[in-house]
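Engineer: Provided below for reference: sequence and predicted model.
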Amino acid sequence: MLLQVLGTAAGGGLPQWNCACPGCTGARAHPERRRRHASLAVRVGEGRWYVVNATPDIGEQIEETPELHPGPGARQTPVAGFVLTDAELDHTLGIARLREAHDGIDVLATPPVLDAVREGLRLDAVLGPYTPVRWRELPGGVGCPLDGASGISVSAVPLSDKKPRYAANSADGGSSWSVGLRLHDPGTGRTLLYAPALAMWSDAFDEAARDADCVFVDGTFWDDEEPLRSGFSTRTATGMGHLPVTGLGGTAHRLARLPGRRLYTHLNNTNPLGNPHAEQHKQLAEWGIEVAAERMVIEL
């Protein structure tokens, strides 16, 4: 299983267009600190890739990744489809940029997420006149083939009932609004767990994390008070649906006990981890934990 990290930032990216916090100001002065919205590409066969989450940066992310460039046909693309972890705007707005897909595109998501994207955002009706979108249901438990040409399977690990604001009145409930993705390659026996938003470390998630050879976890905020201290929110990190990296309820001590490779992604612009020279990186390194880097390549 070959993975390409396309982005590692939370909503708004780094820098965020309307923010002058130290993180955003530093990223403007030092372009190497810039981060695009969190996303991951998974190779499912020769010249075929699926992308985890369709971010507003999808066009730029494809251009920065030669393996995702079109060709050899004039309208032939290796991007076969997308898998969504939730219905948040920073993970779905990129779907609208796919209207030029000559042969259509696959989009996999859990039932409430599919309903929100198709009906709430009206992307089914909007994209219909341009290209066929094949909306596929993402199962929990036993995985389904991600692509017909690949043995890689995908399944959802339910995490949270947190709905995006535009779907707040949806009658759909349950913990499949936000999920982790479990990708398994039977050829190598290796498993990836990708969870860019994590509101609670449940027993089911803990089991999936311990079974994985590589785990990407929500690193939105360094500690629970960060949103309050930064002055942009009246809620804590956990109140916003993101377990912090450190402190009470932090995920770092749990990750440190896992056997596989462990990486943080989905960093908010206020998170000191956005600065590669911050002391917090040394602390994570002592625990054997990494921060995912833009354009990182991982082979499992």
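Structural biologist: That came through fine.

Engineer: drop to CA atoms for contacts and neighbour counts, all remaining ones
Structural biologist: OK.

Engineer: Rounded mean pLDDT for the host helix or strand of Ile298, please.
Structural biologist: Using DSSP states H and E, Ile298 sits within strand 297-299. Averaged over strand 297-299, pLDDT sits at 98.

Engineer: Next, give phi and psi for Glu63.
Structural biologist: Here is the backbone geometry of Glu63 (degrees, to the nearest 10): phi -60, psi -30.

Engineer: Report the distance from the strand holding Ile298 to the chain centre.
Structural biologist: 16 Å (C-alpha atoms, centre = their mean, to the nearest Å).

Engineer: In the protein, what helix or strand scores lowest on average pLDDT?
Structural biologist: Averaged element by element with mean pLDDT, DSSP states H and E, the chain has its least confident helix or strand at strand 144-145 (a mean of 90).

Engineer: List the buried residues for stretch 172-181?
Structural biologist: Of all the residues in stretch 172-181, those buried under the rule 16 or more other C-alpha atoms under 10 Å are Asp172, Ser176, Trp177, Ser178, Val179, Gly180, Leu181.

Engineer: if I look at the third one, how far off is Cys144?
Structural biologist: What that stands for is Trp177. Going from Trp177 to Cys144 by C-alpha to C-alpha, to the nearest Å gives 19 Å.

Engineer: One more: the first one?
Structural biologist: In this structure, Asp172 and Cys144 are separated by 23 Å, where distance is defined by C-alpha to C-alpha.

Engineer: helices or strands up against the strand holding Ile298?
Structural biologist: strand 2-7 (3 or more C-alpha pairs under 8 Å, 6 or more residues apart in numbering; DSSP states H and E).

Engineer: and after the strand it packs on, which helix or strand comes next?
Structural biologist: helix 22-29.

Engineer: what's the offset of that following helix from the middle of its chain?
Structural biologist: Worked out by C-alpha atoms, centre = their mean, helix 22-29 lies 23 Å from the chain centre.

Engineer: Flag every buried residue along that helix.
Structural biologist: Of all the residues in helix 22-29, those buried under the rule 16+ other C-alpha under 10 Å are Pro22, Gly23, Cys24, Gly26, Ala27, Arg28.

Engineer: For my notes, confirm Arg210 occurs in a strand.
Structural biologist: No. Judged by DSSP: H, G, I helix; E, B strand; the rest coil, Arg210 forms no part of a strand; its state is helix.

Engineer: That one contacts Pro259, doesn't it?
Structural biologist: Yes. Arg210 sits in contact with Pro259 when judged by C-alpha atoms under 8 Å, with a separation of 6.8 Å.

Engineer: if I pick Asp103, what's in contact with it?
Structural biologist: Thr131, Pro132 (C-alpha atoms under 8 Å, 6 or more residues apart in numbering).

Engineer: In three-state terms, label it for me.
Structural biologist: Of the three states, Asp103 takes coil under three-state DSSP.

Engineer: Sheet-wise, list the partners of the least confident helix or strand of the chain with their directions.
Structural biologist: Partner strands and pairing direction for strand 144-145 (DSSP bridges) are strand 153-160 (antiparallel).

Engineer: Could the C-alpha coordinates of the partner strand be exported in PDB?
Structural biologist: Provided in PDB are the C-alpha atoms of strand 153-160 (Å, rounded to 0.1, in the frame of the first residue of the first chain):
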ATOM      1  CA  SER A 153     -10.300  -2.800   1.500                       C
ATOM      2  CA  VAL A 154     -11.800   0.100   3.300                       C
ATOM      3  CA  SER A 155     -14.200   0.300   6.300                       C
ATOM      4  CA  ALA A 156     -15.400   3.000   8.600                       C
ATOM      5  CA  VAL A 157     -14.700   3.100  12.300                       C
ATOM      6  CA  PRO A 158     -17.500   5.300  13.800                       C
ATOM      7  CA  LEU A 159     -16.200   8.100  16.000                       C
ATOM      8  CA  SER A 160     -18.700  10.900  16.500                       C
END
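
Engineer: and the helix or strand following it with strand 2-7, angle?
Structural biologist: Moving toward the C-terminus from strand 153-160, the next helix or strand (DSSP H and E) is strand 178-185. Here the directions of strand 178-185 and strand 2-7 differ by 150 degrees (axes from the mean of the first three to the mean of the last three C-alpha atoms, to 10 degrees).

Engineer: elements contacting strand 178-185?
Structural biologist: Using 3+ C-alpha pairs under 8 Å, 6+ apart, the elements in contact with strand 178-185 are strand 153-160, strand 190-195.

Engineer: how about the ones you listed in JSON lines, adding mean pLDDT, distance to Val297 and mean neighbour count?
Structural biologist: Below are those laid out as JSON lines (pLDDT from 0 to 100; distance: least, C-alpha to C-alpha, whole Å; neighbours: other C-alpha atoms under 10 Å):
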{"stretch": "strand 153-160", "mean pLDDT": "95", "distance to Val297": "20", "mean neighbour count": "23"}
{"stretch": "strand 190-195", "mean pLDDT": "98", "distance to Val297": "13", "mean neighbour count": "23"}
